[in-house]
Structures are given as structure tokens and as C-alpha cells.
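**Student:** Got a sequence here, can you model it:
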Amino acid sequence: MSENILSLLELNNLVRRGIEACLPDTYWIQAEISDVRSNTSGHCYLEFIQKDERTSSLIAKARGVIWSNVFHVLRPYFEETTGETFHSGLKVLVEVEVTFHELYGYSLTVQNIDPTYTLGDMVKRRTDILKQLEEEGVLTLNKELELPLLTQRIAVISSATAAGYGDFCDQLKGNSWGISFYTELFPAIMQGEQVERTILNALDAILARKKDFDVVVIIRGGGATSDLSGFDTYLLAASCAQFPMPIITGIGHERDDTVLDVVANTRVKTPTAAAEFLVNRMMNVIGRLNDLSFQLKTSVVQKLQMETERLNRLIARLPSNVNLSIANENFKVKDLYNRLKLSTNLYLKDQQYLLRSISLEIKSISPYEILKKGYALLSQNGVIISSIKDIEEDSDIIIKMYDGESKAHIEKKTEYE
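**Tutor:** Reported below is the predicted structural model:
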């Protein structure tokens, strides 16, 4: 039994020789890279992992290494082709050699890489995000927002130290038309793994002060154009697509649009182009205002001329109109006078007839007329006698008739029952 006992080193030697004998060639494998790091010697250490497509749980893992002489060539080739930095989370197609070291164990040594595979996966990921946004009905929401007529209050999301941010501000301030712009920076990290988180934080800060700004500008410049993966995330794209203010992107790359570019209201290539877009938009507004001002001035002059001519015509017609008006009024006065005269005469005749009728009626009931009919008026001591009871016997009374009066002596009176 003692003859079959091996030391760990001896066993590892057997494993190494076995692997070298069984897997002598290189192999192309598909995997996701994780925990990517490099040291001062230029070597790159990483892990290759594979996840279950349904549950995303880890189902395979292997340690990997890219020696400096290979990494020095593969890295720039990969980044130039894909527009991405070589970082964790990418899916890659790599040619590896299977190695086993007695001290460090099993690992995969990378010999080559096919960047077109990663590029295809990136395109697929962007396509999937855009498809999901479209299915959710939010893909074009920000594009449907109308840019304000005046876009002078600008919320800028960028890195404070980015050259592109400085170029943007200089372009706005130095515009040849002297148009004033107000810009306020909301700092964010514009490359690397913190792009999504910091831009979302900036958007939240802008939203809290929505009334202070007309438009949001997201710009990136002065950094590597290869690091664009941070702008291709679903969460960032969905937030920008549904943001209630128009978003302008000038991320500073020529070849491809990121998902953020696709959902933004307006996409330009560079920060300088973003500034030029805003200046040109204001110039168009100024041009429209000048046109309107000219049209207004022309319209006012034409209106004044028309009214002046109309006034002159009225002045020319005024004498004849006045004479005609005076003649019309004279005719009206004469007509009213004649009608008044006629009415007065008729009224007077009516009143005269009425007076005659009243006079005759008064005359018919006057005491004089009654006395003429044979009646007499008796009085005693100046008092009219209307009853036999008022006459005293053996007294004198006055008898008044229509044409004179006489005195009589009452000796005796007889009262009727």
C-alpha cells in the first residue's frame, strides 16, 4: 500500500501531464468575463463564468490569465473594434490554452480574442433594451416632448473636469450673437461602471428643480470613446425616455448611437455640437422675432396710411355731410313745429268746447236762473230761511226774486205735518 501513496506535488504533476496529454491544443470558448484586473507587470487576471440562461445562476467558472505580451496586443485591438473597454460583464469569444500549475491549479491562458462576437452581443443587448422600451410604450416619449421656444436655462450633466464640458460652456458664452445662456452643472461620472448611478442621481436633482430649466444636456468629452457601455443600460434609458424635460445628448462619439442617444429628444455628436445646436436654435428664434417685428412695423405703417386716407376722405366729405345733416335737422324741426302747432290748435279747440260745456252747466244750476223760473229766496236778519220753523211770527222777512226784492210781515205761520 505504501507504494501507492503520492505527495500532493506528485499528484498535481500527474494532473498537469494528463491535461497536457489530453488537451494539447488551444480551444475557442464562449464565456462572460468577471473580476478583470491587471498588475504593474501588464498581466491581466480574470475569471471566466457561465450562467444559466433562465435563472442567471452560476453554472461554471474558471480562472484565466492574459500574459502581458498578449494583453498588450489584444486589448487595443478589442477596444478599437468594439468601442468598449475590456471590463467585467462582457461576453467574449476567446482562444485559450488549458493549463494546470502544481501551485496555482487549473487556469485558462488566453491566446486570442474575437471582438466581433462581443460586438454582436453588445448590439443584441442594445436591441433587446430598445425592444423592451418599445413594448412598454416609452421608447419615444422624450422625443415627443416639444423643445421650448427659448432654451436658455440649461441643466448640464457631465464631469466637471471633462474637456467637453469646458468646450460646451465656451461655445455658449462666446457665441457671436451675444445670446445669454444660463448653465448649471450636475456632476456625473461619464465613463466606467458608475455612469448609470451618477447620471440617474443628476436627473433626480434636476427633476426636483424642474421649473428652473428649459432643457437637459448630457455631454461627454475628453475621455476615451471606447467606454460607452454605461450609456447602454435599460434603467438609464428608461429613465431618460420618461424624463419630463427634453434631453439633448452630445456624448462625443461618431460611429454608433448608444441606447441613450436613441431615446433622447435630440442627439448631436459632440459637446461643441450641442452648444451650436442651442445657439442656432436661439438664432432661429431671434430671426423669427425680427421677421415678426418687421411684419408688425409694416402692418402698422400700412394701417396708419389706410386710416390717414380714410380720415382725409371723411374730412373732404364733412362739409357736405354737415350741410345735409343741418338740412335734415331743419326739416325735422319744421315738421315738429307744424305738428306741434296743429296739435296745439286741436287741443285749444277741445278745451274751448269743454269750457263752454262747463259754463252752460254752471249757468243752468246758478241761483239766478232758478229765481227766473219763479222761485224766491227768503231771508231774515241776513240768514237764509230754508224751513218754516226758522220764521218767527210777527216778524219781517226779505223776499228776493230774480229782478228785485221786497219786505213782508209775517203775522202767522202754519207748519205742515
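**Student:** Please count neighbours and contacts with C-alpha atoms only from this point.
**Tutor:** Will do.
**Student:** Run through the stretch 101-250 of the chain and note the low-pLDDT ranges.
**Tutor:** Low-confidence segments of the stretch 101-250 of the chain, defined by pLDDT under 70: 222-228.
**Student:** Which parts of it are helices?
**Tutor:** With DSSP state H, counting those that start in this stretch, the ranges of helices along the stretch 101-250 of the chain come out as 115-135, 163-173, 195-207, 234-241.
**Student:** what angle separates the third one from helix 234-241?
**Tutor:** Per axes from the mean of the first three to the mean of the last three CA atoms, to 10 degrees, the angle that helix 195-207 makes with helix 234-241 is 30 degrees.
**Student:** cool, and the longest one?
**Tutor:** Between helix 115-135 and helix 234-241, the angle comes out at 50 degrees (the same axes, to 10 degrees).
**Student:** helices and strands around helix 115-135, which ones?
**Tutor:** Helix 115-135 makes packing contacts with helix 68-82, strand 91-101, helix 259-263 when contacts are defined by 3 or more CA pairs under 8 Å, 6 or more residues apart in numbering; DSSP states H and E.
**Student:** Ok, which of the helices of the stretch 101-250 of the chain comes nearest Tyr375?
**Tutor:** Proximity to Tyr375 (CA to CA) singles out helix 195-207 among the helices of the stretch 101-250 of the chain, at 120.8 Å.
**Student:** follow-up on the earlier one: I'd like the helices and strands packed on helix 115-135 laid out as TSV, including mean neighbour count and distance to Cys44.
**Tutor:** Formatted as TSV, those follow (neighbours: other CA atoms under 10 Å; distance: least, CA to CA, whole Å):
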stretch	mean neighbour count	distance to Cys44
helix 68-82	16	7
strand 91-101	19	14
helix 259-263	23	30
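**Student:** CSV for these, including distance to Leu6?
**Tutor:** Formatted as CSV, the helices and strands packed on helix 115-135 follow (distance: least, CA to CA, whole Å):
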stretch, distance to Leu6
helix 68-82, 35
strand 91-101, 17
helix 259-263, 58
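**Student:** out of the ones you listed, nearest to Leu292?
**Tutor:** Closest among those, using CA to CA: helix 259-263, at 34.3 Å.
**Student:** Mind giving me the packing neighbours of that closest one?
**Tutor:** On a contact count with 3+ CA pairs under 8 Å, 6+ apart, helix 259-263 meets helix 115-135, helix 234-241.
**Student:** pull the longest helix from this structure.
**Tutor:** Determined from DSSP state H, the single longest helix within the chain is helix 271-364.
**Student:** list the buried ones in the following helix or strand past it?
**Tutor:** The first helix or strand that comes after helix 271-364 along the chain, using DSSP states H and E, is helix 367-372. Buried residues in helix 367-372, counting neighbours by 16 or more other CA atoms under 10 Å, are found at Ile370.
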